[in-house]
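In: I'd like to go over a predicted model; first the sequence, then the structure.
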Amino acid sequence: MKKGIIYNLNPFNNETNMSSAEYIIKKLSAFILIYVFSAVLGEGIIIGILYGMGYDPLHGIMPDGQISELLLYYGFLIFSLATLLYCRFIEKKNMKLIGFAGNPTEYLAGTLIAAILLFIIIGIGCISGSIEFGGFNTNVNIKSLLLWVLAFGIQGAAEEIMCRGFLLHSLKNRISVPLAILISSTAFVFPHLSSLLEAELVYAMVGIINLYLISIVFSILVLWRSNLWIVCGLHSIWNFILYSIMGLSLSGSESALNGVILFHVKDANILNGAEYGIEASVITTVALGILLVVMVKGWKGRIAKNGVS
């Protein structure tokens, strides 16, 4: 007996016998549900922790320094757990089926890609005069850096588990790979729009393009390597190096740290992304565009042949 559309779209069952359009809506509904649930629960937990520490966040009494920001990033653990639980108990998938089937050491390969990309982009920025190198910080707080690398490890992994581990892997089995990449990339871009749209129009437009480019890069890496570890490393260490090592703005958020290597954005322009940071820079656009072309040319045949495991 054919089930109704309401049953088909219910994200709490594992029904797959439906049209492709219904299937896409169902998976997007599940993504939104996980996101909203995790955000609300995470916010509640953070507020509770702050009250326990003697603060009153609902009345603007917050801790100084980096504590609030660190708690926010550690709160992304809720997003990962909620997504993994949904995949395990609703979709009946194990860790391997969402991308954790490969070698975990590929996390290190992702960190290397992030470091190379950033130093190329920042290097070109320095050569162009849009970013200024100011030497090295001789007063580095190692404990703080360790807290931040763990924070970004949690945050980057959470976004990859949700967008690539869950959504991309769910969609690619039912629709074409390019469409699955586009939909999951849009889901990745959307939460970033709140900060991006506060920037001037030209930086917002470049930033949106760059978000799609980096998301497509992440997606192709997952497809090619059949491994989520590599993009967790790339995403997390990109954020860590940019924010904590270089002390530059991350997605419009000004770094609370001085950085280990001191860089300063000079006059705001399209080469340095102004207040939003290099993620709204055309240098980043060109670098990601070149990387994407190389990846597509080199791996298109393999992706088309093998799909995604």
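Out: Noted; the coordinates are in hand. As the structure is a prediction and not an experimental result, all values here were calculated from the model.
In: my guess is Met295 contacts Ile214. True?
Out: No: checked against CB atoms under 8 Å, the pair Met295 and Ile214 is beyond contact range at 12.0 Å. Yep, even glycine has a C-beta here, placed from its N, CA and C like the rest.
In: what pLDDT is listed against the closest residue to Leu41 other than its chain neighbours?
Out: Using CB to CB, 6 or more residues apart in numbering and skipping the chain neighbours, the partner closest in space to Leu41 is Ile78 (5.5 Å). Per-residue confidence (pLDDT) for Ile78: 98.
In: likewise Ile124?
Out: Here the pLDDT value assigned to Ile124 is 97.
In: again with Lys305
Out: Taking Lys305 on its own, its pLDDT is 55.
In: please apply the same query to Val140.
Out: Confidence score, pLDDT, at Val140: 88.
In: go on, Ser68?
Out: 88.
In: ok, Met295 and Ile214, which is more surrounded?
Out: Just comparing Met295 and Ile214: by other CB atoms under 10 Å the higher neighbour count belongs to Ile214, 23 against 17.
In: which residue sits closest to the more buried one in space, ignoring its chain neighbours?
Out: Leu288 (5.9 Å).
In: residues in contact with that neighbour?
Out: Applying CB atoms under 8 Å, 6 or more residues apart in numbering to Leu288 gives the contacts 117, 210, 213-214, 217.
In: which ones among the residues you listed are found in helices?
Out: Cross-referencing those against helices under DSSP state H gives 117, 210, 213-214, 217.
In: of these, which is the most crowded?
Out: Tallying neighbours with other CB under 10 Å puts Asn210 at the head of the ones in helices among the contacts of Leu288, with 25 neighbours.
In: OK, contacts around the residue lying closest to Gly134 once chain neighbours are set aside?
Out: In this structure, Gly134 finds its nearest non-sequential neighbour in Leu262, 3.7 Å apart by CB to CB, 6+ apart. Taking CB under 8 Å, 6+ apart, we find Leu262 in contact with 133-137, 247.
In: partner strands of the helix or strand in which Leu262 is found and their direction?
Out: Assigned by DSSP states H and E, Leu262 belongs to strand 261-265. Here strand 261-265 has these sheet partners by DSSP bridges: strand 131-136 (antiparallel).
In: buried stuff in the partner strand?
Out: Buried residues in strand 131-136, counted by 16 or more other CB atoms under 10 Å: Ile131.
In: one more: stretch 209-224?
Out: Quick answer for stretch 209-224 (16+ other CB under 10 Å): 209-224.
In: alpha carbons only: can I get that stretch in CSV?
Out: The C-alpha coordinates for stretch 209-224 follow below in CSV (Å, rounded to 0.1, in the frame of the first residue of the first chain):
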residue,chain,number,x,y,z
ILE,A,209,31.0,32.6,-3.7
ASN,A,210,33.9,31.5,-1.5
LEU,A,211,31.7,29.6,0.9
TYR,A,212,30.2,27.6,-2.0
LEU,A,213,33.7,27.0,-3.4
ILE,A,214,35.2,25.7,-0.2
SER,A,215,32.1,23.6,0.4
ILE,A,216,32.4,22.0,-3.0
VAL,A,217,36.1,21.4,-2.3
PHE,A,218,35.2,19.7,1.0
SER,A,219,32.5,17.6,-0.8
ILE,A,220,34.8,16.4,-3.6
LEU,A,221,37.5,15.5,-1.1
VAL,A,222,34.9,13.4,0.8
LEU,A,223,33.7,11.7,-2.4
TRP,A,224,37.2,11.1,-3.7
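In: quick one: contacts of that stretch?
Out: The contact list for stretch 209-224 (CB under 8 Å, 6+ apart) reads 99, 110, 160, 163-164, 168, 172, 177, 181, 184-185, 188-189, 192, 196, 228, 230-231, 234-235, 279-281, 284-285, 288-289, 291-292, 295-296, 299, 302-303, 307-308.
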